[in-house]
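Visitor: kindly return the folded structure for what I paste below:
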Amino acid sequence: MKINIYQIAKNDKDEFEPIINNLKKMSSKYAKIEIHNLFNNNIGKQQTIGENEAKAKTN
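Guide: Next up, the predicted model:
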């Protein structure tokens, strides 16, 4: 079995890293877990501007 986990997070290690590693270790007999990071420069830029401006740029 293969489990894909999609996250929007910066590439830096964070407080969830130990939890993810533990999940991978516990499930290694049954499944392969792959973490896919969806964070990109566009998301980073949108986070630095206001909510209304971000909505306007996505429409």
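Visitor: look up the residues forming beta bridges with the spatially most central residue of the chain.
Guide: Nearest to the geometric centre of the chain sits residue 7, at 2.0 Å (Cα atoms, centre = their mean). Beta-bridge partners for residue 7, by DSSP bridges, are residue 37.
Visitor: mind saving the C-alpha coords of the longest helix seen in the chain as PDB?
Guide: Among the segments of the chain that qualify as a helix by DSSP state H, the longest is helix 17-27. Extracted in PDB, the C-alpha atoms of helix 17-27 (Å, rounded to 0.1, in the frame of the first residue of the first chain):
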ATOM      1  CA  GLU A  17       8.900  16.300  11.600                       C
ATOM      2  CA  PRO A  18       9.100  13.900  14.500                       C
ATOM      3  CA  ILE A  19       5.500  12.900  14.100                       C
ATOM      4  CA  ILE A  20       5.900  12.200  10.400                       C
ATOM      5  CA  ASN A  21       9.000  10.100  11.000                       C
ATOM      6  CA  ASN A  22       7.200   8.100  13.700                       C
ATOM      7  CA  LEU A  23       4.300   7.500  11.400                       C
ATOM      8  CA  LYS A  24       6.600   6.300   8.600                       C
ATOM      9  CA  LYS A  25       8.400   4.000  11.000                       C
ATOM     10  CA  MET A  26       5.200   2.500  12.500                       C
ATOM     11  CA  SER A  27       3.600   1.900   9.100                       C
END
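Visitor: and that helix, which residues are buried?
Guide: Using 16 or more other Cβ atoms under 10 Å as the test for burial, helix 17-27 gives 23-24. Backbone N, C-alpha and C define where each C-beta goes, glycine included.
Visitor: ok, back up a step: residues touching the residue nearest to the centre of the chain, list them.
Guide: Residues in contact with residue 7 (Cβ atoms under 8 Å, 6 or more residues apart in numbering) are 35-39.
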